[in-house]
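Student: show me the folded form of this:
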Amino acid sequence: MSIKDFKEYMVAKKKQQIDKWKKDIIINGECQPFTDKDYIKNTEIIFTGKKHYKTKFVHNKIWKTTF
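Tutor: Below is the predicted model:
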């Protein structure tokens, strides 16, 4: 596959994805942000990030000699 073929392939792929998104929007409507009721209902699946952090210990001679 040459560069020209690859570029044509990517353009066609993007057009297919855009058409799919348009069909999904027609069927389901535009995405709306969560309301407070939806947020409370889905709090178990909404992750805000890592909640527990582990302390990293470095065990090597350089670390032991510098302190």
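Student: from now on I want contacts and neighbour counts done on CA atoms only, so please keep to that.
Tutor: Will do.
Student: how close does residue 33 get to residue 25?
Tutor: 15 Å (Cα to Cα, to the nearest Å).
Student: between these two, which one's more packed in?
Tutor: The residue with more neighbours, out of residue 33 and residue 25, is residue 25; 12 against 8, by other Cα atoms under 10 Å.
Student: would you quantify the distance from the more buried one to residue 31?
Tutor: For residue 25 relative to residue 31 (Cα to Cα), the value is 8 Å.
Student: residue ranges with poor pLDDT in the protein?
Tutor: 45-67 (pLDDT under 70).
Student: and the helices in it?
Tutor: Ranges of helices within the chain are 3-28, 36-41, 61-66, based on DSSP state H.
Student: could you export the second one as PDB, CA atoms only?
Tutor: Which is helix 36-41. Taking C-alpha atoms only, helix 36-41 is exported to PDB below (Å, rounded to 0.1, in the frame of the first residue of the first chain):
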ATOM      1  CA  ASP A  36     -28.000  15.800  38.800                       C
ATOM      2  CA  LYS A  37     -30.500  12.800  38.900                       C
ATOM      3  CA  ASP A  38     -28.500  10.900  36.300                       C
ATOM      4  CA  TYR A  39     -25.200  11.600  38.000                       C
ATOM      5  CA  ILE A  40     -26.500  10.300  41.400                       C
ATOM      6  CA  LYS A  41     -27.900   7.300  39.700                       C
END
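Student: give me the helices and strands touching that helix, please.
Tutor: Applying 3 or more Cα pairs under 8 Å, 6 or more residues apart in numbering; DSSP states H and E, we find helix 36-41 packed against no helix or strand.
Student: identify each buried residue in it, please.
Tutor: Buried residues in helix 36-41, counting neighbours by 16 or more other Cα atoms under 10 Å, are absent.
Student: what sits up against it?
Tutor: Counting contacts by Cα atoms under 8 Å, 6 or more residues apart in numbering, no residue outside helix 36-41 touches it.
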